[in-house]
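S.K.: Here is a sequence with its predicted model. Questions after.
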Amino acid sequence: MSDYPILLQLQGRLCVVIGGGPVAIRKARGLRKAGARVRLIASELAVSGGELTDVEVVIRPYSAGDLQGAFVAFAATDDRLVNAAVVREARQRGVLVGVADAPEEGDFTLPALLRRGNLTVSVATAGGSPALAALLRDRLADQLGPEWATVLEIAAALRQKRLTLQGKTEYNQAILRRLLEGGLPDLIADGDASAVDRLLQTLFGEGCTLAQLGIRLAKGMT
């Protein structure tokens, strides 16, 4: 049975990480980037507490009750018994839990992520091989450069201005396909704003330009 992919909105929500090693610290930092309130509980840390910006660090062992109020928890210690105890508490409280050393015991696994602005590409292996997921992510990174952040901005602006049709998925995909076949990513990467404008006007008529969409090519692309 395959996993069901989902993106969680964690802004302002409490997420608890149990463990202080590199894996736990990586989880804590990732959660902060998503806007979560992060509490990390560990007997000791692999880094100084000052390196965990905006993370509530509690230096002591895990104890029952630490997941109270949590939306998501991570069991990321190097102690199997402690991780199992975290899972039991999560089950009792209805908290989503990820388990570093036994993914099959948790509710989810984390994919390897490639981010280009608001564009997120994830590669998952159901916990089977995180290393393979990371390698595939890196291959995709070679093909999807930073210009794809602007490609998404343009697609979103066109959708917002209803230059593509709401609810007309096939039509919208055809329009976006023509933009891509017209070389939009390469034009952005080259910083050729005039050529991007010409492509937009070809498809959407005069007046449809980057400026009209409120988009400026990112620094380094001009």
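M.R.: Yep, it's here. Because the structure is predicted, anything quoted here is derived from the model rather than measured.
S.K.: residue ranges with poor pLDDT in this structure?
M.R.: 49, 163-170, 218-222 (pLDDT under 70).
S.K.: number of nearby residues for Glu181?
M.R.: Neighbourhood size, Glu181 [other Cβ atoms under 10 Å]: 8. Every residue, glycine included, has its C-beta placed from N, CA and C.
S.K.: got it, and Ala90?
M.R.: Residues lying near Ala90 (other Cβ under 10 Å) number 24.
S.K.: The helix or strand containing it packs against which elements?
M.R.: In this structure, Ala90 sits in helix 80-93 according to DSSP states H and E. Secondary-structure packing of helix 80-93 (3 or more Cβ pairs under 8 Å, 6 or more residues apart in numbering; DSSP states H and E): strand 14-18, strand 72-75, strand 96-99.
S.K.: make it 6 Å
M.R.: strand 72-75, strand 96-99 (3 or more Cβ pairs under 6 Å, 6 or more residues apart in numbering; DSSP states H and E).
S.K.: Can I get that helix as CSV, trimmed to CA atoms?
M.R.: Listed next in CSV are the C-alpha coordinates belonging to helix 80-93 (Å, rounded to 0.1, in the frame of the first residue of the first chain):
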residue,chain,number,x,y,z
ARG,A,80,15.0,2.7,21.0
LEU,A,81,13.1,2.6,24.3
VAL,A,82,12.8,6.3,24.5
ASN,A,83,11.6,6.6,20.9
ALA,A,84,9.0,3.8,21.5
ALA,A,85,7.8,5.7,24.6
VAL,A,86,7.4,8.9,22.5
VAL,A,87,5.3,6.9,19.9
ARG,A,88,3.1,5.5,22.7
GLU,A,89,2.4,9.0,24.1
ALA,A,90,1.7,10.3,20.6
ARG,A,91,-0.8,7.6,20.0
GLN,A,92,-2.5,8.3,23.3
ARG,A,93,-2.8,12.1,22.5
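S.K.: What residues sit buried inside it?
M.R.: Neighbour-count burial for helix 80-93 flags 82-83, 85-87, 89-90 (criterion: 16 or more other Cβ atoms under 10 Å).
S.K.: What are the phi and psi values at Phe204?
M.R.: Main-chain torsions, Phe204, degrees, to the nearest 10: phi -120, psi 0.
S.K.: and it, how many neighbours does it have?
M.R.: Neighbour count of Phe204, defined by other Cβ under 10 Å: 18.
S.K.: any idea how far it is from Ser194?
M.R.: Distance of Phe204 to Ser194, computed by Cβ to Cβ, to the nearest Å: 16 Å.
S.K.: same check, this time on Ala85
M.R.: 62 Å.
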